[in-house]
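Trainee: My questions are about this predicted structure, shown below with the sequence.
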Amino acid sequence: MGKTKAHIRYKLKDGTRVPGSTTITSVLDKPALKYWANKIGLQGIDIKKFVDDKADIGTLGHEISIASLYPGAVVNTSDYTKNQIGLAENCAVSFFEWKKDKDIEVILTETPLVSERHRYGGTMDIYAKVNGKHELIDLKTGSGIYDEYFIQVASYRQLLNEHNYPVDRVRILNIPRVEDESFAEQTVVNTDKYWQVFLKCLEIYNLRKEIKKEVA
């Protein structure tokens, strides 16, 4: 699959479109991101091109990592530059090292799910049995693991539970692209409070949507 894959649209059983988890959590303020964007801008770098390039590297890094869970799987890299492929392979190497001493039984990868109860959707990276425990594994590429990631995976855990997939543990892996980024791992057993934050984000998202309709 190339980087041109279609944007996922989440729909309820009656056909109603609903927002995805990442769209919902975007209502959160991200001061670190603002600082970073300002720093990049002061260096004279085109932020959009820079972000798009990093996003492509992250997308390919995800694909290579997930494909490694399926023997014989081949990743289409024709849409990417040589530099992007090399950096994406750096991401995958970290994932390969992490999984090499683990017994992993894959159940779902990149599978869209929708909550009829809470009216949102989400696509988690990996749901698998790891050393006998059901785990939700979320892959991130960047400089670290941030608070909003925990909120996001809490929403994924809810989706899995609603679809009768048990989750014993949530694991976030930051797989680095370049030398000034580093591998990081964080496991979370209890996501209840993060789930409550997500519900507040969903409420804010829906209220903003209603306000836009009223002023349109």
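Mentor: Ah, there it is.

Trainee: Which of the helices and strands in the chain ranks last by mean pLDDT?
Mentor: One helix or strand of the chain scores below all others by mean pLDDT, DSSP states H and E: helix 31-42, with a mean of 48.

Trainee: And the pLDDT at the residue nearest to Lys11 when sequence neighbours are not counted?
Mentor: Distances taken as C-beta to C-beta, 6 or more residues apart in numbering place Arg17 nearest to Lys11, at 5.5 Å, with adjacent residues excluded. Heads up, the C-betas are built off the backbone N, CA and C, glycines and all. With respect to pLDDT, Arg17 scores 97.

Trainee: who's in contact with Arg17?
Mentor: Arg9, Tyr10, Lys11 (C-beta atoms under 8 Å, 6 or more residues apart in numbering).

Trainee: ok, the first one to Val114 distance?
Mentor: With distances taken as C-beta to C-beta, to the nearest Å, Arg9 is found 10 Å from Val114.

Trainee: Next, give phi and psi for Asp192.
Mentor: The phi/psi pair for Asp192 (degrees, to the nearest 10) reads phi -60, psi -50.

Trainee: do you know how far it is from Ala73?
Mentor: 35 Å.

Trainee: cool, Phe183 as well?
Mentor: According to C-beta to C-beta, Phe183 stands 23 Å off from Ala73.

Trainee: These two: which has the busier surroundings?
Mentor: Phe183 (14 against 11; other C-beta atoms under 10 Å).

Trainee: show me where this protein has strands.
Mentor: 10-11, 17-18, 104-115, 120-130, 133-140, 169-174, 184-188 (DSSP state E).

Trainee: Dump those strands to TSV, plus distance to Thr77.
Mentor: Formatted as TSV, the strands of the chain follow (distance: least, C-beta to C-beta, whole Å):
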stretch	distance to Thr77
strand 10-11	28
strand 17-18	32
strand 104-115	17
strand 120-130	19
strand 133-140	18
strand 169-174	22
strand 184-188	26
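
Trainee: of all those strands, which lies closest to Val27?
Mentor: Nearest to Val27 among the strands of the chain is strand 120-130 (12.5 Å), distances taken as C-beta to C-beta.

Trainee: and the closest one, which residues are buried?
Mentor: Tyr120, Gly121, Gly122, Thr123, Met124, Asp125, Ile126, Tyr127, Ala128, Val130 (16 or more other C-beta atoms under 10 Å).

Trainee: Run through the helices of the protein in chain order.
Mentor: 21-25, 31-42, 47-67, 82-99, 147-162, 192-215 (DSSP state H).

Trainee: What's the mean pLDDT across the last one?
Mentor: Averaged across helix 192-215, pLDDT comes to 93.

Trainee: switch to numbering from 24
Mentor: Yep, numbering from 24; the last one is helix 215-238 now.

Trainee: in that helix, what's buried?
Mentor: Tyr217, Trp218, Val220, Phe221, Leu222, Cys224, Leu225, Tyr228.

Trainee: roughly how far apart are the third one and Tyr172?
Mentor: For Val220, the distance to Tyr172 equals 12 Å [C-beta to C-beta].

Trainee: can you check the first one too?
Mentor: Note on Tyr217: its distance to Tyr172, by C-beta to C-beta, is 9 Å.

Trainee: who touches both of these two?
Mentor: In contact with both Tyr217 and Tyr172: no residue, using C-beta under 8 Å, 6+ apart.

Trainee: re the thing from before, quick check: which of the strands of the chain is nearest to Tyr179?
Mentor: strand 143-153 (4.2 Å).
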